[in-house]
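Undergrad: Task: produce atomic coordinates for the following.
(one chain, ligands or ions: 1)
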Amino acid sequence: MPSLNFKGKALVQNYHLLVPYHELKPVKAKSLTDKASLHDNLVVHGDNLKALKALLPYYHGGVKCIYIDPPYNTGNEGWVYNDNVSSPMMQEWLGKVVDREDLTRHDKWLCMMLPRLKLLRELLSDEGAIFVSIDDIEIHRMRSLLDEVFGEENFVANVVWEKGRKGDAKLFASVHEYVLVYARNKELILSRGIRWKRTKPGVDRVLAKYDGLRAKLKHNHARIREEMMAWYRELSAADAAKAHKHYNWSDERGLYFPADFAGPDDGRESRPRYDIIHPVTKKSCAKPSTGWRWDEERTQEALAEEPPRIHFGPDESTIPNRKTYLKEVTEEAALTVFYKDGRAATLLVEQILGKDAAEVPFPKDVESLADLLGLVADKDSIVLDAFAGSGTTAHAVMNLNQEDNGGRRFVLIEEKEYADHITAERIRRVIKGVPKAKDEALQKGLGGSFSFIEVGNAMQLESLLKATRCRLTRFWPVTFSTPRQARSSTRARSIARPASSARAPSMTCICFTRPTWSI
Ligand SMILES: C[S@@+](CC[C@H](N)C(=O)[O-])C[C@H]1O[C@@H](n2cnc3c(N)ncnc32)[C@H](O)[C@@H]1O
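TA: Below you'll find the model as predicted:
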């Protein structure tokens, strides 16, 4: 398989193994809980390479969904290569801002990303997935890197996020960026029958409107239809609910759309062409030239239901249709292209944080993130963001929990000093309420708690190995002298594959586990 080469690759290929474990120190004063702990929602302040390594003993294989929005390497983000790799070339890189003039800027960026992606993969559960925001500058290199780290067989989608118009483009106006999606193990996810579905946008409002009309107009389905159509007409073209305007017929079962009943035009002469009798005229209805979609038995069953699942015209001259009820088809797979203007996200963070919001330019849109993460994160999942910025991921997780009464947890990592007054502060305000917010739920506050964690000093390996035993027996300080020994150890396997809901141990331990060797 062709692979990506860059300066320093050989030096960072296994660097994540050399990164020392660091202390994780809960800071009560910056937390929003009575008892700051590593089992809470977390905002971790520190470099994400150290933080991810430090979180590994607690969250290995336990994170269902990862979202990252790393520097796009535009040349003006002011990011600095800071990993202390023991090589003269890379020591030279330390502390220098990576700008547009830097001829090794792509190498440095790849050297920064590779060890972090390897640790992120270790944190993902078997059914987990990672979402990576990126734009045209590094998309092709990021995709090759993700192919290497996650395996190209685990590629799921390259989602195009259209963000809004730009006025002054000279050749092309670039109005989109990307979200790359990789599964930890796509084959396993599919073999377990897991499907990523979301509620179709706008459906909830259509069904709420319909329920209101049913309560008011009872069994007068003709009037309900008129009012539904009038309501759809009033909606703006951009309103997601308008996309369902063909759902305007009603019967005792609910709101439906008369779907095509014709068999596909595949040239099959054997398509069924039986008679369907019109319920009023008692004559055989007109037939589609390609025959019926269903065999006769299935159609008879649909006709026998109360109300029948076949829709008839006023007389036999109209070809009948199948009734598709909106409440039975509320979910769909997400699309690989979507539109969400970026400016709304900036305005929302300004509403929450005031002028401090400017410290994190271009925050991501909370609704779009909730839509993406909600595909994978179940009600009890852990969601991690290692490039947290203004904390949009935590906000999205809290919104998802509010919608479905879920108990998802978030783990955010941010290295800048604003981890407290931006990242954590947004979460504090979302929890407690934002009086100026337009959204009613945000005004009241979504409730909850989180612990603020500082990444502390590096830990000495010897002191870790002397640790008597971890409180959780699955996590045990074990050493193996060879990879083969580690691979065949049942103890290593139980560490390597904790149950997805495994509680993390309550003291730090170090595990020389199967995945450590196999990376
Ligand atoms: C593009 S911003 C993320 C914006 C975020 N998605 C939002 O909606 O606000 C990238 C963030 O990653 C942080 N970051 C960059 N390198 C990091 C590192 N090595 N460790 C931790 N955070 C880092 C930056 O400080 C910045 O806040």
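
Undergrad: which helix is the longest one in this structure?
TA: helix 105-123 (DSSP state H).

Undergrad: Now Thr33: closest residue in space, sequence neighbours ignored.
TA: Closest residue to Thr33 apart from its sequence neighbours, by C-beta to C-beta, 6 or more residues apart in numbering: Ser449 at 3.9 Å. Backbone N, C-alpha and C define where each C-beta goes, glycine included.

Undergrad: for Asp40, same thing?
TA: Looking at Asp40 with C-beta to C-beta, 6+ apart, the closest residue is Ser451, at 4.1 Å.

Undergrad: hang on, the one you found is in a strand, isn't it?
TA: Yes. Counting by DSSP: H, G, I helix; E, B strand; the rest coil, Ser451 falls inside a strand.

Undergrad: So it is in contact with Thr33, correct?
TA: Yes. Between Ser451 and Thr33 there is a contact under C-beta atoms under 8 Å: 5.8 Å.

Undergrad: So between those two, which is more surrounded?
TA: The neighbour count for Ser451 versus Thr33, taken as other C-beta atoms under 10 Å, is higher for Ser451 (23 against 15).

Undergrad: So what pairs up with the residue nearest to Asp40 in the strands?
TA: For Ser451, the beta-bridge partners are Leu42 (DSSP bridges).

Undergrad: Show the contacting residues for it.
TA: 26, 31, 33, 36-38, 40-43 (C-beta atoms under 8 Å, 6 or more residues apart in numbering).

Undergrad: Residues contacting the following helix or strand past the longest helix of the chain, please?
TA: Once the chain leaves helix 105-123, the next helix or strand it forms, by DSSP states H and E, is strand 124-134. Strand 124-134 is contacted by residues 61-70, 72, 120-121, 142, 146, 150, 156, 161, 177-185, 188-189, 192, 194, 364, 372-373, 376, 497, 500 when judged by C-beta under 8 Å, 6+ apart.

Undergrad: Can you mark which positions in strand 124-134 are buried?
TA: Going by neighbour count (16 or more other C-beta atoms under 10 Å), the buried part of strand 124-134 is 124-125, 127-134.

Undergrad: Equivalent analysis for stretch 245-255, please.
TA: Quick answer for stretch 245-255 (16+ other C-beta under 10 Å): 245, 247-251, 254-255.

Undergrad: Tabulate those in a markdown table, adding columns for secondary structure and pLDDT.
TA: Compiled in a markdown table, these are given as follows (DSSP: H, G, I helix; E, B strand; the rest coil; pLDDT from 0 to 100):
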| residue | secondary structure | pLDDT |
| --- | --- | --- |
| Lys245 | coil | 98 |
| Tyr247 | coil | 98 |
| Asn248 | coil | 98 |
| Trp249 | strand | 98 |
| Ser250 | strand | 98 |
| Asp251 | strand | 98 |
| Gly254 | strand | 98 |
| Leu255 | strand | 98 |
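
Undergrad: any idea which of those residues is the one closest to Lys287?
TA: Trp249 (21.7 Å; C-beta to C-beta).

Undergrad: give the contact list for the closest residue in space to the closest one that isn't next to it in sequence.
TA: Once flanking residues are discounted, Trp249 sits nearest to Tyr256: 5.2 Å by C-beta to C-beta, 6+ apart. Contacts were defined as C-beta under 8 Å, 6+ apart; by that measure Tyr256 touches 247, 249-250, 311, 323-326.

Undergrad: farthest pair in the residues you listed?
TA: Greatest spatial distance in the contacts of Tyr256: His311 and Leu326, 13.9 Å, computed using C-beta to C-beta.

Undergrad: possible to save the buried residues of strand 124-134 as CSV with distance to Val397 and pLDDT?
TA: As requested, the buried residues of strand 124-134 are arranged in CSV below (distance: C-beta to C-beta, whole Å; pLDDT from 0 to 100):
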residue, distance to Val397, pLDDT
Leu124, 16, 98
Ser125, 16, 98
Glu127, 18, 98
Gly128, 15, 98
Ala129, 15, 98
Ile130, 15, 98
Phe131, 13, 98
Val132, 18, 98
Ser133, 16, 98
Ile134, 21, 98
